[in-house]
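What follows is a predicted protein model with its sequence.
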Amino acid sequence: MYSVNEIVISNQDSAGAASRSQLKAALQKTKETSGLKQAAIDRYRDFIRREKKSYNDKKWKKVKEERKQPTDAEPCFRTALKESRSIREFECLNKIDEGAYGVVYRARDKSTNDIVALKRLKALNETEGFSIAAERELNTLLKLKHPNIVAGWDIAVSSKRNHVYVVMEYVPHQLRSFLETMRQNHLLFGPEHVKCLMSQLLRAVQYLHANHIIHRDLKTHNILLTQDGVLKIADFGMTREYGFPLQQYTPGVCTRWYRAPELLLLSPQYSTPIDMWSIGCILYELVYLCPLFPGTSDLDQLNRIFVDLGTPSDATWPGFSSLPSIQNIILDDYPPGGLRKKINAKDLSESGFSLLEGLLTYNPARRVTAAAALEHAFFKEQPVAIEPAMFPMAMQSEDSDQYSATEPEEDCGSHP
């Protein structure tokens, strides 16, 4: 028998046990629910991470593919290397020339029997690869297509890919050698011949400038002639693309005899007018078969220019007194008119002299452009330019004797 008090306590114990059981169950359910929720959160986060990774992978793959593909505007040197030919497909015949950025050979394409020019690019060293200038020249050669510019066709590599060549159109005559041969034979060009060469040169430079390219090393050494009298600009190792506003470039470009005064005075900003100054020097050289300003140093070069054209001033060349080198040199005051005394009217007409003055204008902003030069009265007066096919190519081809004494140091196809 239980007393009333015992029954009450017993009932209270039963109620407490039930409450504890319910609380425990509730806690267990809450824990399970929380665990499910956290698992769901973790799964969601994993999903987001996977999606982000997938998106980034696709995006990066697309970027890499775009980098691999050359554009129409600028063929890619790296892409061209992947599609290159073997140097063993060519037979090296003889060495033609060697410059700062490579050695040029005359070679035969074994697959077609065509004569080509092979320019072996100089590497900085075995680990650093090619210079920026070498890659820039390759990109330029592969991009430009103009009848008065040497064509770049392919890239050839040695089997170990440690020597790279650009396969170019072979052009047998160098203008400098042609002029030297004429001088030795006491010959001069007639105005029709000068106009033939100048008009071709100006068309090529107009094309370069229209494509935002400065050659930066125009000279008779870098101008070639085909057997049919077609002029072609070569050697693009110094070329540079330009834009607006003008950037700062290295002033120490262009061979001294053809170097514009703004370069001699170390102007950090320059553009296409430096090529036009070089063309002015070439025009004089075509008429008299000798350089106009054959300076022995940069200072001597400036002095020769000042003697013939007069010492410039801020009136004739705005900003002249602010150029970097002006403060470091003492200028003699030469009057203008010296160039006129050097030019015989029988050798170069008044309109021809007018063009020469326009090309040799001190102020780069007023120097005549290639497009304007082509429209000059000089090319319209009689006698007009002859067709290139009529050009007197009576000089012996450089295919044979002229360069036969300069054998290649090694067969260009013999690299391992």
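Right, received. Where do you want to start? Numbering: from 1, shown residues only.

quick one: the helix or strand where Tyr284 lies to chain centroid distance?
Using DSSP states H and E, Tyr284 sits in helix 273-288. Put simply, helix 273-288 sits 21 Å off its chain's centre (CA atoms, centre = their mean, to the nearest Å).

just checking, what packs against it?
Contacts defined by 3 or more CB pairs under 8 Å, 6 or more residues apart in numbering; DSSP states H and E place helix 273-288 against helix 191-210, helix 261-264, helix 350-359, helix 370-374. From N, CA and C alone the C-beta is placed, and that goes for glycine too.

can you rerun that using 10 Å?
For helix 273-288, the packing partners by 3 or more CB pairs under 10 Å, 6 or more residues apart in numbering; DSSP states H and E come out as helix 175-184, helix 191-210, strand 213-214, helix 261-264, helix 298-309, helix 338-342, helix 350-359, helix 370-374.

residues of the last one that come out buried?
If I follow you right, that is helix 370-374. Neighbour counts over helix 370-374 (16 or more other CB atoms under 10 Å) mark 370, 373-374 as buried.

Redo those residues as a markdown table? Include pLDDT and distance to Trp317.
Shown next, in a markdown table, are the buried residues of helix 370-374 (pLDDT from 0 to 100; distance: CB to CB, whole Å):
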| residue | pLDDT | distance to Trp317 |
| --- | --- | --- |
| Ala370 | 98 | 21 |
| Ala373 | 99 | 20 |
| Leu374 | 98 | 25 |
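
quick one: which of these is nearest to Leu179?
Closest to Leu179 out of those is Ala373 (20.6 Å), distances taken as CB to CB.

Not counting sequence-adjacent ones, nearest residue to that closest one?
Counting by CB to CB, 6 or more residues apart in numbering, Ala373 lies nearest to Leu202, which is 5.2 Å off, once chain neighbours are set aside.

any idea of the pLDDT on Gly99?
pLDDT recorded at Gly99 is 65.

for Glu126, same thing?
50.

Could you count how many residues lie near the closest residue to Asp228 other than its chain neighbours?
Excluding its sequence neighbours, the residue lying closest to Asp228 (CB to CB, 6+ apart) is Ala389, at 5.4 Å. When neighbours are counted by other CB atoms under 10 Å, Ala389 registers 11.

swap in Trp153?
16.

just Ile213 next, same as before
Ile213: 21 neighbours (other CB under 10 Å).

Report the contact partners of it.
136, 140, 143-144, 205, 207, 236, 239-242, 272, 275 (CB atoms under 10 Å, 6 or more residues apart in numbering).

Can you tell me who it pairs with across the strands?
Beta-bridge partners for Ile213, by DSSP bridges, are Glu241.

And Asp154, by the same measure?
With DSSP bridges as the rule, Asp154 is bridged to Val167.

For the spatially closest residue to Leu299 that is not a sequence neighbour, give its distance to Tyr242.
Nearest in space to Leu299, with sequence neighbours left out and distances taken as CB to CB, 6+ apart, is Ile329 at 6.8 Å. Distance, Ile329 to Tyr242, by CB to CB, to the nearest Å: 28 Å.

element containing Ala117, please.
Going by DSSP H and E, Ala117 is part of strand 115-121.

That strand pairs with which strands?
In the sheet, strand 115-121 lines up with strand 102-109 (antiparallel), strand 164-169 (antiparallel) (DSSP bridges).

Show me how this protein divides into domains.
Using automatic domain parsing, the domain parsing of the chain gives 77-170, 173-390.

Columns distance to Phe47 on top of those, output as CSV?
Below are the domains of the chain laid out as CSV (distance: least, CB to CB, whole Å):
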stretch, distance to Phe47
domain 77-170, 38
domain 173-390, 46
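
Would you single out the least confident of those?
domain 77-170 (a mean of 81).

Distance from it to the middle of the chain?
15 Å.

Which secondary structure elements does the longest strand seen in the chain sit against?
In the chain, taking DSSP state E as the definition, the longest strand is strand 90-99. Strand 90-99 makes packing contacts with strand 102-109, strand 115-121, strand 164-169, helix 401-404 when contacts are defined by 3+ CB pairs under 10 Å, 6+ apart.

secondary structure element for the closest residue to Gly190 other than its chain neighbours?
For Gly190, ignoring the flanking residues on the chain, the nearest one in space by CB to CB, 6+ apart is Pro383 at 7.1 Å. Using DSSP H and E, Pro383 maps to neither a helix nor a strand.

State the number of residues packed around Pro383.
Pro383: 10 neighbours (other CB under 10 Å).

how much space between it and Val287?
From Pro383 to Val287 the distance is 14 Å (CB to CB).

what do you get for Asn148?
20 Å.

same check, this time on Phe306
Phe306 is 22 Å from Val287, by CB to CB.

One more: Glu89?
Taking CB to CB, one finds Glu89 at 44 Å from Val287.

Among those two, which residue is more densely surrounded?
Legend: neighbour count by other CB under 10 Å for Glu89 and Val287, higher for Val287 (20 against 16).
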